[in-house]
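Chemist: Starting from these lines, generate the structure:
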Amino acid sequence: MTEIIKRIIKNIIPASGRRKIRDAYWWYIQSFIKQKYEQKAISNLKKKEKIRVIFLALYESVWKYDSLYQLMKADKMFEPIVLVCPIINYGHKHMLEQMEISFKHYTELGYNVIISYNKETNTFIDLEKDLQPDILFYTNPYKGLIDDRYYIDRFPHILTCYVPYGFNPVKFEWTYNLDFHNLLWRFFCETETTKRMIDQKSFIHGANCIVTGYPLYEKFCREPIRSLNTWKKQNKSKKKLIWAPHHSLEDCGGLQLSTFLQYYTFFLELAQIYFDEIQIAFKPHPLLKEKLYKHPDWGKEKTDLYYKKWDNNLNTQLFEDEYIDLFKTSDAIIHDCGSFTIEYLYTKKPCMYLTNGHNLEQYNELGKQAFNCYYHGSNESDIQSFIQDVILNGIDVNIKKREDFFTRNLLPPHRLTAAENIINEIKKQLQ
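Modeler: Down below sits the predicted model:
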């Protein structure tokens, strides 16, 4: 549905009428267009000996497909390739920086990786012509983040898949009901609770949604720690605390979680107060730096200086890389993020959520269950009590809640990993 048509409908037709038009539109798309393209694509793939799968990678810090990529690489049926794509919403310089970071990261992991942009000739890879994909896996759903030439609406005749880049705890439809989500061939979701929400509220009522579990399960619970040098070396044993602030300094489509501006000085002070007992890793959301660059009270110089402070102190560090080993080797976390609310519960370790007065208004059913497993901090005193009582003295009254949540919600179905469930679903459809 074009943006022009959407605006016309919104301006001249009442809400009840718009819902009927929307439902009729998506019923038509699902029944007569999507299914036609998908059935033809599946029929063509049944004739092939090897399926070429292209993963469209953006920020390396939100990559969730490692276990799936490795399984496909080991399976003679698949040929997986990672295509590093341009992030365009923060300008050309940011795009180049992030593509170089991602390309280096995926190369070091041993992936078959291609970079989509040639800065010498200022040209982009033609995804369909140059790579001839059979299946596309997206890593982010937002139009305007990835370059339009790689967005899902360009490839109706190719099978498209998506695993959410974060374990979704919030209720907003942009997490599951954008045009992107409804255009997918397969939307692999985390839990039955999540699927119920999608079935009830998405335009196509979850017709493409399959519960597979979340691929981070493998990373947290099946794989060993890869890096033993995640934390800065100390002269004595100290508790390892993560502070992970969100980027939503302002309203982001209804989402406003961040407490960074309230506590940015205090956490550096905490590192000095507890210098002999804790070390703190500053793990900001990947978008926080760009938001601070544009903030009227911050800007690039102040932001860069602040980030640098975290790297310079003896018992603090800046951590902007892939965070699995950081979580696994930590003792606790304090944050105000969305997906981390659920993801950190894979560790079953103590956790505090920094509240801003309206968090529960923003959570879905699963998010509320996860939130209730946390200690909650609304001021500096709450934070210090958590550090002293829970982290240092081990008085952890919420441990049973976290263990119960893990058992109920974080174990993938069928006694398999999420990656195994995803591959099984693809193979089942191509039989």
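Chemist: mind checking how far L345 is from Y307?
Modeler: 28 Å (C-beta to C-beta, to the nearest Å). (C-beta placed from N, C-alpha, C; glycine too.)
Chemist: meant to ask about L184
Modeler: 36 Å.
Chemist: swap in M77?
Modeler: M77 is 44 Å from Y307, by C-beta to C-beta.
Chemist: ditto for L159
Modeler: For L159 relative to Y307 (C-beta to C-beta), the value is 41 Å.
Chemist: more neighbours, these two?
Modeler: L159 (24 against 16; other C-beta atoms under 10 Å).
Chemist: list the contacts for the more buried one?
Modeler: 38, 41-42, 45, 134-136, 185-186 (C-beta atoms under 8 Å, 6 or more residues apart in numbering).
Chemist: Show me what the helix or strand where I422 lies is in contact with.
Modeler: Under DSSP states H and E, the secondary-structure element containing I422 is helix 418-430. By C-beta under 8 Å, 6+ apart, the surrounding residues in contact with helix 418-430 are 42, 45-46, 51, 67-68, 70-72, 75, 77-78, 135, 161, 163, 186, 188, 210, 212-215, 217-218, 412-414, 416.
Chemist: I'd like to know which of these are buried.
Modeler: 45, 51, 67-68, 70-72, 78, 135, 161, 163, 186, 188, 210, 212-215, 217-218, 412 (16 or more other C-beta atoms under 10 Å).
Chemist: how about the residue of the chain positioned farthest from its centre, phi and psi?
Modeler: Going by C-alpha atoms, centre = their mean, the residue of the chain most distant from its centre is I12, 36.7 Å out. Dihedral pair for I12: phi -120, psi -10, per degrees, to the nearest 10.
Chemist: How is this structure partitioned into domains?
Modeler: 3-214+413-430, 239-410 (automatic domain parsing).
Chemist: Just the pLDDT at K291, thanks.
Modeler: K291 is assigned 93 on the pLDDT scale.
Chemist: ok, how many other residues are close to it?
Modeler: K291, neighbours per other C-beta under 10 Å, totals 21.
Chemist: which SS state does it fall under?
Modeler: helix (DSSP: H, G, I helix; E, B strand; the rest coil).
Chemist: how about the strands in the stretch 51-200 of the chain?
Modeler: Remark: strands assigned in the stretch 51-200 of the chain by DSSP state E, counting those that start in this stretch are 51-57, 78-84, 113-115, 117-118, 123-124, 135-138, 159-162, 186-189.
Chemist: Now distance to K368 too, for those strands, in CSV please.
Modeler: Conversion of those to CSV gives the following (distance: least, C-beta to C-beta, whole Å):
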stretch, distance to K368
strand 51-57, 32
strand 78-84, 35
strand 113-115, 39
strand 117-118, 42
strand 123-124, 42
strand 135-138, 28
strand 159-162, 24
strand 186-189, 17
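Chemist: Save those strands as TSV, and put in mean pLDDT and distance to P284 too.
Modeler: Listed next are these as TSV, based on pLDDT from 0 to 100; distance: least, C-beta to C-beta, whole Å:
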stretch	mean pLDDT	distance to P284
strand 51-57	98	20
strand 78-84	98	22
strand 113-115	97	25
strand 117-118	94	26
strand 123-124	96	29
strand 135-138	98	24
strand 159-162	98	25
strand 186-189	97	27
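Chemist: Of all these, which one is nearest F266?
Modeler: The closest of the strands of the stretch 51-200 of the chain to F266 is strand 51-57. By C-beta to C-beta, the value is 35.4 Å.
Chemist: quick one on the thing from earlier: can I get the domains of the chain in a markdown table with distance to T230?
Modeler: Below are the domains of the chain laid out as a markdown table (distance: least, C-beta to C-beta, whole Å):
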| stretch | distance to T230 |
| --- | --- |
| domain 3-214+413-430 | 14 |
| domain 239-410 | 5 |
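Chemist: For N229, find the nearest of those.
Modeler: Short answer: domain 239-410, nearest of the domains of the chain by C-beta to C-beta, at 9.3 Å.
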